[in-house]
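In: Build the 3D model from these lines:
(chains A, B, C and D)
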Number of protein chains: 2
Amino acid sequence: MNPVNLKRLAQELNLSIATVSRALQDSYEVSPQTKERVRALAAELNYQPNAYASSLRRNLSKTIGVVIPEVNNHFFSLAINGIEEVARQSGYHVLIYLSHDDYEREVDITHYLTGGRVDGLLMSVASETRDFDHLLKLYASKPAIVFFDRVCDALSTAQVTTNDYESGYQATQHLIEAGCRHIAHLLVSGNLSIGRMRMQGYQTALHDHGIAFDETLVLSGDRDDERNTERVMELLRTRPEVDGIFASVERLAISSYQACNNLGRAIPDQVKIIGFSNLGVAALLDPALTTITQPAYEIGREAARILLHAIEKKKPILPSQSLVLKSELFRRRSTAS
Amino acid sequence: MNPVNLKRLAQELNLSIATVSRALQDSYEVSPQTKERVRALAAELNYQPNAYASSLRRNLSKTIGVVIPEVNNHFFSLAINGIEEVARQSGYHVLIYLSHDDYEREVDITHYLTGGRVDGLLMSVASETRDFDHLLKLYASKPAIVFFDRVCDALSTAQVTTNDYESGYQATQHLIEAGCRHIAHLLVSGNLSIGRMRMQGYQTALHDHGIAFDETLVLSGDRDDERNTERVMELLRTRPEVDGIFASVERLAISSYQACNNLGRAIPDQVKIIGFSNLGVAALLDPALTTITQPAYEIGREAARILLHAIEKKKPILPSQSLVLKSELFRRRSTAS
DNA sequence: TTTATCTACGCAAACGTTTACATCAAACTG
DNA sequence: CAGTTTGATGTAAACGTTTGCGTAGATAAA
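Out: Numbers count the residues shown, from 1 in each chain, chains lettered A, B, ... in the order given. Below you'll find the model as predicted:
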């Protein structure tokens, strides 16, 4: 039993390898009859071209990489859904890498990726990442890159984001209108532009409503949920006047719920909570969580579209192709007044 | 600027390509001094071997594929976490494919995968899948396969599952002990062995407690959550005596909550609900959801270990390597009596 | 000294495709 | 009918690695 490759097909059909290859690509240089013969045998033997030989020769892998902090998060898993959908339609394969919000891992991953394994890359930067040398190095080695959500401004490429400034403003305003005067802001990283945008929205909203910004009400979370919960509890204990929490990321909203439960603080009577979240069951929580929900699926889809378009057209990706999609605020019980 | 490949390194060092290649592989046939020179230049030029050339030559891709129904599901996203962890440690890359529980897509995916793109495959079968021809065909084309959770018994390979029969029994018994006498069972697919196991547990538990099995209380869900909710509502309307629901999959537990909310049925007073789920916020739901929780992360990790071990040792995977991990029941308010 | 062994390296084939170029017969063109 | 075009196919190089084999020089053994 020989392997079934072009050579095998060529031998059995008394054709040259070149003709067989061309026939399978539906080249106009091959007669219809020959094409038919080739296709028939290929189907019969269940021929599948060797992806690596093809990639090597064409210097194209039909593969994109997705680098994200975590997958166990509704935002990212929905984004992957969108990415995979677009990729599949265009015949692309999707490699996935998780940074776990860890800088070292992200550096490792970018090293893996240097060297043509992927034609392009979709990336959401780890929250711990402060310098972008590894990304610049990676960028220098070719592949098209599109950032989504947690973007890196240091690279001159497209990014797909949401209206984070407005959302931060809106969330804060919503709490203020619900009667909150001492609003804590939990964010995942001050390094990332996305965190800064939401923070600015928060600050401006406070200012516009005549509330002084209090730095000590800003808490920077990390990737350890237990510790985050502890820190929120400490904040609530030491600052009993806190009557509102704006969580800039899903996990921190959950930690806030835990913290309130542990301390016996009633939501929304004593503390109102709003959070960025794509949690499908937000409405089923006790109490139902008011959310700023990003169009995660669409973000993934659009980012992938921009990327694949650039790859197929062999054109560089321009920052002007960036997209800003809108998040939506869903009012629920956790912020009821 | 020439591309930086072995040829380039060889030229600049006045060595042959072969020696450079061997030096980078730390072969004993190369002198320590030469190795050092090669490594230094490789580092300086940021050389990364071409993965496709290497894969082609060695007939090894250092890549595994993961085929799952969906990623927006805590069980699967946790499993991916485990898989990625193990893969990364061993220097493997992870390709991801989503079947969306759609038979056609699964067939497409298996076709993609025939032909050496991956060294091995981790798979959880789509719920719609009834025949396994495509899997048998795929299996014939070499790659090592390990099934997890939604397994396929038709292939003689290892599978990593949980104690589904016991869990089904336990869940049902738990409802009975909480006072339920008319227990509906929502399952995602009667085709899959996993569904059948849970179903058997359900039936046996009913029988052991002197409750007659009523086929009309068994509902088969699909991938449309809205419709699932509707169907649960219909069941609750036409069969008002139903006082317990055993959801064999997370999504159906959520749909049950929705249905009860829509109909104004109180959980747990009128209807008690237990469900298979890896939802991190199960305890924060209203009311907190009693769950059977599978060790999803461990399942992914162990499945990947079995797979990678087989690949590295070039040994076939035996059914005897299969693993059964235990799920855990978390009692919460949704089944309180 | 001759022969065997070892060390460190080079040569060249191979992996399976793709594709520029060559070939050759048949069908046109003037 | 000589010359040109067209259509269908073949030849062979290339992509970047890996690796079996060969070999030159050095050292050790006889």
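
In: Skipping adjacent residues, who's closest to A:Ser141 in space?
Out: Closest residue to A:Ser141 apart from its sequence neighbours, by C-beta to C-beta, 6 or more residues apart in numbering or on different chains: A:Thr114 at 4.5 Å. Any C-beta I mention is one placed from the backbone N, CA and C, and that applies to glycine too.

In: ok, that neighbour touching A:Leu136?
Out: No: using C-beta atoms under 8 Å as the test, A:Thr114 is too far from A:Leu136 to be in contact (11.4 Å).

In: where along chain A do the strands fall?
Out: A:63-68, A:93-98, A:120-123, A:144-148, A:159-162, A:183-187, A:218-220, A:244-247, A:272-276, A:290-293, A:323-325, A:328-330 (DSSP state E).

In: ok, so what distance separates A:Ile176 from B:Gly168?
Out: As judged by C-beta to C-beta, to the nearest Å, A:Ile176 and B:Gly168 stand 50 Å apart.

In: out of the two, which sits in the more crowded spot?
Out: Neighbours were counted for A:Ile176 and for B:Gly168 using other C-beta atoms under 10 Å in any protein chain shown; B:Gly168 has more, 29 against 18.

In: For the residue nearest to A:Val232 when sequence neighbours are not counted, give me its contacts.
Out: Excluding the flanking residues, the one nearest A:Val232 by C-beta to C-beta, 6+ apart is A:Ala259, at 3.9 Å. Applying C-beta atoms under 8 Å, 6 or more residues apart in numbering or on different chains to A:Ala259 gives the contacts A:Thr229, A:Val232, A:Met233, A:Leu236, A:Arg265.

In: of these, closest to DNA strand C?
Out: Nearest to DNA strand C among the contacts of A:Ala259 is A:Thr229, at 53.6 Å by C-beta to the nearest atom of the strand.

In: got the contact list for that closest one?
Out: By C-beta under 8 Å, 6+ apart, the residues touching A:Thr229 are A:Ser255, A:Gln258, A:Ala259, A:Asn262.

In: State the distance from it to A:Gln11.
Out: From A:Thr229 across to A:Gln11, the span is 67 Å (C-beta to C-beta).

In: A:Ala42 now?
Out: According to C-beta to C-beta, A:Ala42 and A:Gln11 sit 13 Å apart.

In: The residue nearest to A:Val71 when sequence neighbours are not counted: neighbour count?
Out: Nearest residue to A:Val71, sequence neighbours excluded (C-beta to C-beta, 6+ apart): B:Ser77, at 4.6 Å. Number of residues near B:Ser77 (other C-beta under 10 Å) recorded here: 24.

In: Could you tell me the angle between the one helix or strand in chain A whose mean pLDDT sits lowest and strand A:63-68?
Out: Using mean pLDDT, DSSP states H and E, the weakest-scoring helix or strand in chain A turns out to be helix A:133-140, at a mean of 88. If you take axes from the mean of the first three to the mean of the last three C-alpha atoms, to 10 degrees, helix A:133-140 sits at 160 degrees to strand A:63-68.

In: List the buried residues of helix A:133-140.
Out: Neighbour-count burial for helix A:133-140, counted by 16 or more other C-beta atoms under 10 Å in any protein chain shown, picks out A:His134, A:Leu135, A:Leu138, A:Tyr139.

In: from the residues you listed, which two are the most distant?
Out: The most widely separated members of the buried residues of helix A:133-140, counting by C-beta to C-beta, are A:His134 and A:Tyr139 (9.6 Å).

In: What is the neighbour count of the closest residue to A:Phe147 other than its chain neighbours?
Out: Leaving aside its sequence neighbours, A:Phe147 sits nearest to A:Gln159 (C-beta to C-beta, 6+ apart; 4.2 Å). Here the number of neighbours of A:Gln159 (other C-beta under 10 Å) works out to 26.

In: Is it correct that A:Gln159 is in contact with A:Val125?
Out: No: applying C-beta under 8 Å as the test, A:Gln159 and A:Val125 come out as separate, 10.4 Å apart.

In: Not counting its neighbours along the chain, what's nearest A:Pro69?
Out: Nearest residue to A:Pro69, sequence neighbours excluded (C-beta to C-beta, 6+ apart): A:Asp101, at 4.5 Å.

In: how far away is the one you found from chain B?
Out: Distance, A:Asp101 to chain B, using C-beta to the nearest C-beta, to the nearest Å: 13 Å.

In: can you pull the contacts of the residue nearest to A:Val151 when sequence neighbours are not counted?
Out: Closest residue to A:Val151 apart from its sequence neighbours, by C-beta to C-beta, 6+ apart: A:Gln159 at 4.1 Å. Taking C-beta under 8 Å, 6+ apart, we find A:Gln159 in contact with A:Val146, A:Phe147, A:Phe148, A:Val151, A:Pro319, A:Ser322, A:Leu323.

In: do the same with A:Ala87
Out: By C-beta under 8 Å, 6+ apart, A:Ala87 lies in contact with A:Ile64, A:His93, A:Val94, A:Ala304, A:Leu308.

In: try 7 Å this time
Out: A:Ile64, A:His93, A:Val94, A:Ala304 (C-beta atoms under 7 Å, 6 or more residues apart in numbering or on different chains).

In: A:Gln89 is in contact with the last one, correct?
Out: No: using C-beta atoms under 7 Å as the test, A:Ala304 is too far from A:Gln89 to be in contact (9.5 Å).

In: Looking at those two, which is more packed in?
Out: A:Ala304 (30 against 11).

In: Give me the pLDDT value at that one.
Out: Looking at A:Ala304, its pLDDT reads 98.

In: show me what contacts it?
Out: Taking C-beta under 7 Å, 6+ apart as the criterion, A:Ala304 is in contact with A:Gly82, A:Ile83, A:Val86, A:Ala87, A:Leu122.

In: Nearest to A:Ala53 among these?
Out: Using C-beta to C-beta, A:Ala87 comes nearest to A:Ala53 of these, at 21.5 Å.

In: For DNA strand D, see how far away that closest one is.
Out: Distance of A:Ala87 to DNA strand D, given as C-beta to the nearest atom of the strand, to the nearest Å: 24 Å.

In: what do you get for A:Leu6?
Out: A:Leu6 is 9 Å from DNA strand D, where distance means C-beta to the nearest atom of the strand.

In: pLDDT score for the residue in the stretch 151-300 of chain A positioned nearest to chain B?
Out: Residue nearest to chain B within the stretch 151-300 of chain A (C-beta to the nearest C-beta): A:Asp286, separated by 3.3 Å. For A:Asp286, the pLDDT comes out at 95.

In: Spatially nearest residue to it, not counting backbone neighbours?
Out: B:Asp286 (3.3 Å).

In: ok, that neighbour - contacts?
Out: By C-beta under 7 Å, 6+ apart, the contact list for B:Asp286 reads A:Leu284, A:Leu285, A:Asp286.

In: Now do A:Ala247, the pLDDT please.
Out: A:Ala247 is given a pLDDT of 97.

In: do A:Met1 as well
Out: For A:Met1, the pLDDT comes out at 63.

In: Show me which residues of the stretch 51-200 of chain A sit near chain B.
Out: With the criterion set to C-beta under 7 Å from any C-beta of the partner chain, the stretch 51-200 of chain A comes near chain B through A:51-53, A:55-56, A:61, A:71-72, A:74, A:77-78, A:80-81, A:84, A:93-96, A:98, A:114-117, A:137.
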